[in-house]
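Visitor: Below is the sequence, then the predicted model.
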Amino acid sequence: MINDAELTFIPLISQCIPIQQFNCHQERKYMLDKQQHLTNWVPIVCPFTEWNIWPPPFGHPIFSFFPVLAPAVFKFYDALSQFTCPPSYIMTKKEARTKFPQLSDQDIKYCAVFYEGQHNDARTNIAIALSAAEKGAHIANYVEMTEGIFDEDSGKVIGVKAQDRISGETFEIYAKNIIFAGGPFTDKLRSKEDKEGGTVPPAVQGASGSHIVLPGYFAPKDMGLLDYNTSDGRFLFFLPWQGSVIVGTTDKKCDAETLPYPPEEEIQWMMKEVEKYLSNDLKVRRSDVLSAWRGWRPLAADPHAPPGGQVSRDHVISKNPSSGVTFIAGGKWTTWREMAEDVLDKVLGDKAGTCNTLDIKLHGGEGYHKSLSTQLIQKYGVSEEVANHLVKTYGGRVWEVVEKCKPTGKQWPRYGVQLVEGYPYIEAEIRFACQEYACTIEDVLSRRTRLAFLNSEAAQEALPRVADIMAEELGWNKAAKKEQIKCAQKYLAAYGGRIPYEDGVALRFLAHEDAMDMFREIDRDGSGFIDPQELKEIATRLGNPLDDKQLKELFRTIDTDKNGKISADEFVAWINAEQSKNDVKRYLHATATVIFEEIDTDQSGFLDKAELKAVTVRLGEDFTDKEIKKIFREMDTDKDGKISLQEFIAWMDKENDKTGFRKLLASNMQDNNMQGAWLDEKTPKGVTIKRKYTNSGSFLG
């Protein structure tokens, strides 16, 4: 299956053939053979523009000859799967121009093509959970472990206290064996297995991969590209995905975060790198970025192993002898089944029976066949695009989805009302998702459909209708629906899009080309000018809605020739004017002042660690004591044990935000349009927050 680890392994296969990589290919075969309703093969082009590369890729001299060695390397890669994948092959410059017309043919010598598996990871995850339930497992989503239950005599963990994050209900779960499988957040779970609340030796290091999504016309519908020699040595993949094109990078070590904020510098880097291989006729503009995000994977080491153990890209299973809790971390999507088998064998020991999961089709596999989409079109009159999407998502369960379809009121397609133009997601899927235990708008827009990942603006557009349907299906009252919409808007704000943000609050300063891209994005009707309504719409989309007086004043400032419309030259001049830059700086500092005063609950004029900790809890993100100490040290530059307003503002001005604390603060301010009292609804009952200040204005105001 396509993931960063698979692609990273290619340059290493000539140096070693670990058994894990052989198993990886066997697991890939299981997914592509048994789970055809969820997976597909995709050919990936590796273009070569020279025969000898220096400095060599991967830091090894032998790979200076990788363009010569590539066909043999990829055949060796095929052999690891016992040639069960489609065979790799060579594509000439002429063939490349025909099959991948978006490629630049100026310097290409030839292309090597190999195959990888691809899947909709979110749907695979749901299929695994539902398959487990069908086999008798008890499953629960939106449930969080809050603490362990300890045996009074042995001190071992015999259960967990859990909370339903939808209803707030708390309950206890007892078990003979407890397994933590928290991915990059595993260490946070492990911190709760110590009865005394002490620290645990770290086992997992997070590694992020950034992604951007471009319109589908940047690549063929059935072929991707791999850049093995980027400017900083990382891999870059460029693949067709869900009707669009996804561009992504391999691992970059950093602490994992719960929201997918993409660093702007990563977006710019990917845009620059991908242009190397594209035709000069195709310019990747900043406004072509439909969505952007980061995902995290765990790099694991066994904390209970002897000293000197290595961090692993494969999975690690370890049992804490003191608590009796076992954790599994690391690994990759391809080996999910093997990981489950291994951890159960470890926990059950001699009691483990023979594993038969290699024979199991996941939820939706039964009833799937290659003509299913045709039958769907013939019986229900849905469009071909919608039919293909539904079949490759739900497999044999697709009939249950289309039974919920309503007439479109059109001659064609007759059924399947689309959520948003340009994407195959239909309203019936929302109703079916509620039947499959979806409880939040965020879940539906990101994981039950992939709209947030594909196009953040389209997800925003679909949000109201999704809220209406879910309110009908789940019986939400007005207050519950309003809260759901608010939470979803906050989540969607964490995705990148056509307009660049800095820390979720302000536009970064733009080069002329970027400013022109922004102008074209605001000029929705393509008239070549910005009118007051278009300016008002972009201000609202950026979280700074303008009243009529503010709009009139801002429009008059930009429209220097006073002709009632803003030209491209006027817009670029304004966005890069010194006054605009000073306005941004004043805006950011005013925002930081409001945040500071909201956190300073005792009105001392300084912040302490307890106040930093308290604000993370009130905003729904409980940072660890270690993270709070790190943030405090960064802010307290004069080392006097307290944080002044000046220190806080200086810290907010910095670009580096490894903990995600700045973005947490900024996004919540943005969600509430910086009108003060932004913590009101997030403050626990019984806690009174006194305020002395209100916000003094905004950049666009």
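Guide: Received it, and whenever you're ready, just let me know what you need.
Visitor: Low-confidence regions, the stretch 501-650 of the chain specifically.
Guide: 501-514, 541-544, 578-589 (pLDDT under 70).
Visitor: count of neighbours near residue 68?
Guide: Residues within reach of residue 68, counting by other CB atoms under 10 Å, total 12. Bear in mind the C-beta positions are built from the backbone N, C-alpha and C, glycine included.
Visitor: how about the nearest residue to it, chain neighbours excluded?
Guide: residue 51 (6.2 Å; CB to CB, 6 or more residues apart in numbering).
Visitor: would you list every one of the helices in the stretch 501-650 of the chain?
Guide: 512-522, 532-541, 548-558, 568-575, 578-599, 609-618, 625-635, 645-653 (DSSP state H, counting those that start in this stretch).
Visitor: where does residue 343 land in three-state SS?
Guide: Under DSSP: H, G, I helix; E, B strand; the rest coil, residue 343 falls in the helix class.
Visitor: how much space is there between it and residue 201?
Guide: Between residue 343 and residue 201 the distance is 20 Å, computed by CB to CB, to the nearest Å.
Visitor: With neighbour numbers in mind, choose between the two.
Guide: With neighbours defined as other CB under 10 Å, residue 343 and residue 201 compare such that residue 343 has more, 18 against 11.
Visitor: My understanding was that the more buried one contacts residue 178; is that so?
Guide: No. Residue 343 lies out of contact with residue 178 (CB atoms under 8 Å); the separation is 11.5 Å.
Visitor: what is in contact with the two at once?
Guide: Listed as contacting both residue 343 and residue 178 by CB atoms under 8 Å, 6 or more residues apart in numbering are residue 326.
Visitor: related to what we said a few turns ago, of the helices of the stretch 501-650 of the chain, which is nearest residue 331?
Guide: helix 625-635 (25.0 Å; CB to CB).
Visitor: the inter-axis angle of the closest one versus helix 609-618?
Guide: Helix 625-635 runs at 120 degrees relative to helix 609-618, counting by axes from the mean of the first three to the mean of the last three CA atoms, to 10 degrees.
Visitor: which parts of helix 625-635 are buried?
Guide: Neighbour counts over helix 625-635 (16 or more other CB atoms under 10 Å) mark 627, 628, 630, 631, 632, 634, 635 as buried.
Visitor: now the strands for the stretch 251-400 of the chain?
Guide: Ranges of strands within the stretch 251-400 of the chain are 252-253, 291-300, 316-319, 326-329, based on DSSP state E, counting those that start in this stretch.
Visitor: Pick the most buried one from those.
Guide: strand 326-329 (a mean of 24; mean count of other CB atoms under 10 Å).
Visitor: That strand packs against which elements?
Guide: strand 179-180, helix 186-190, strand 316-319, helix 336-348 (3 or more CB pairs under 8 Å, 6 or more residues apart in numbering; DSSP states H and E).
Visitor: ok, and what's touching the first one?
Guide: What it means is strand 179-180. Identification of contacts with strand 179-180 by CB under 8 Å, 6+ apart yields 186, 189, 190, 193, 325, 326, 327, 328, 343, 347.
Visitor: How about the last one?
Guide: Residues lying outside helix 336-348 but in contact with it, judged by CB under 8 Å, 6+ apart, are 23, 27, 30, 124, 128, 177, 179, 181, 315, 317, 319, 326, 328, 331, 352, 355, 357-358.
Visitor: Can you tell me which of those residues are buried?
Guide: Applying 16+ other CB under 10 Å to these flags 23, 27, 30, 124, 128, 179, 315, 317, 319, 326, 328, 331 as buried.
Visitor: Between those residues, which sits nearest residue 40?
Guide: Nearest member of those to residue 40, counting by CB to CB, is residue 124, at 12.4 Å.
Visitor: Report the separation between the spatially closest residue to the closest one that is not a sequence neighbour and residue 556.
Guide: Distances taken as CB to CB, 6+ apart put residue 38 closest to residue 124, at 5.3 Å, once the chain neighbours are dropped. Counting by CB to CB, the gap from residue 38 to residue 556 is 56 Å.
Visitor: which one of these two has more residues nearby?
Guide: Using other CB under 10 Å, the more surrounded residue of residue 38 and residue 556 is residue 38, with 27 against 10.
Visitor: Now name the helix or strand holding residue 42.
Guide: Counting by DSSP states H and E, the element that carries residue 42 is strand 39-48.
Visitor: Output the contacting helices and strands for that strand.
Guide: helix 19-34, helix 66-80, strand 110-119, strand 224-227, strand 236-241.
Visitor: mind putting these in JSON lines, distance to residue 463 and mean pLDDT included?
Guide: Listed next are these as JSON lines, based on distance: least, CB to CB, whole Å; pLDDT from 0 to 100:
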{"stretch": "helix 19-34", "distance to residue 463": "33", "mean pLDDT": "83"}
{"stretch": "helix 66-80", "distance to residue 463": "43", "mean pLDDT": "92"}
{"stretch": "strand 110-119", "distance to residue 463": "26", "mean pLDDT": "95"}
{"stretch": "strand 224-227", "distance to residue 463": "30", "mean pLDDT": "94"}
{"stretch": "strand 236-241", "distance to residue 463": "22", "mean pLDDT": "94"}
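Visitor: wait, which of these is closest to residue 432?
Guide: Checking the helices and strands packed on strand 39-48 against residue 432 by CB to CB gives strand 110-119 as the closest, at 19.7 Å.
Visitor: Against which helices or strands is that closest one packed?
Guide: helix 19-34, strand 39-48, helix 66-80, strand 89-92, helix 93-99.
Visitor: How much space separates residue 245 from residue 137?
Guide: 37 Å.
Visitor: what about the nearest residue to residue 568 once chain neighbours are set aside, distance to residue 281?
Guide: Closest residue in space to residue 568, ignoring its immediate chain neighbours: residue 519 at 5.1 Å, by CB to CB, 6+ apart. As for residue 519, its distance to residue 281 is 22 Å (criterion: CB to CB).
Visitor: Look at the two and report which has more neighbours.
Guide: Under the neighbour definition other CB under 10 Å, residue 519 and residue 281 were set side by side, and residue 519 has more, 22 against 8.
Visitor: residue contacts, the more buried one?
Guide: Contacts for residue 519 (CB under 8 Å, 6+ apart) come out as 530, 568, 571, 572.
Visitor: Adding distance to residue 592, write the helices and strands packed on strand 110-119 out as JSON lines.
Guide: Conversion of these to JSON lines gives the following (distance: least, CB to CB, whole Å):
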{"stretch": "helix 19-34", "distance to residue 592": "47"}
{"stretch": "strand 39-48", "distance to residue 592": "45"}
{"stretch": "helix 66-80", "distance to residue 592": "49"}
{"stretch": "strand 89-92", "distance to residue 592": "54"}
{"stretch": "helix 93-99", "distance to residue 592": "51"}
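Visitor: Select, out of the ones you listed, the one closest to residue 524.
Guide: Proximity to residue 524 (CB to CB) singles out strand 39-48 among the helices and strands packed on strand 110-119, at 34.1 Å.
Visitor: buried residues in the closest one?
Guide: 39, 42, 43, 44, 45, 46, 47, 48.
Visitor: quick check, nearest of these to residue 549?
Guide: residue 42 (53.7 Å).
Visitor: Not counting its neighbours along the chain, what's nearest the closest one?
Guide: residue 118 (4.7 Å).
Visitor: burial count for residue 520?
Guide: For residue 520, the neighbour count with other CB under 10 Å is 15.
Visitor: residues touching the residue lying closest to it once chain neighbours are set aside, list them.
Guide: Sequence neighbours aside, residue 287 is the residue nearest to residue 520 in space, at 6.1 Å (criterion: CB to CB, 6+ apart). Residue 287 sits next to 498, 499, 517, 518, 520, 521 when contact means CB under 8 Å, 6+ apart.
Visitor: CSV for those residues, including distance to residue 262?
Guide: Putting the contacts of residue 287 into CSV (distance: CB to CB, whole Å) gives the following:
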residue, distance to residue 262
498, 13
499, 13
517, 17
518, 17
520, 21
521, 17
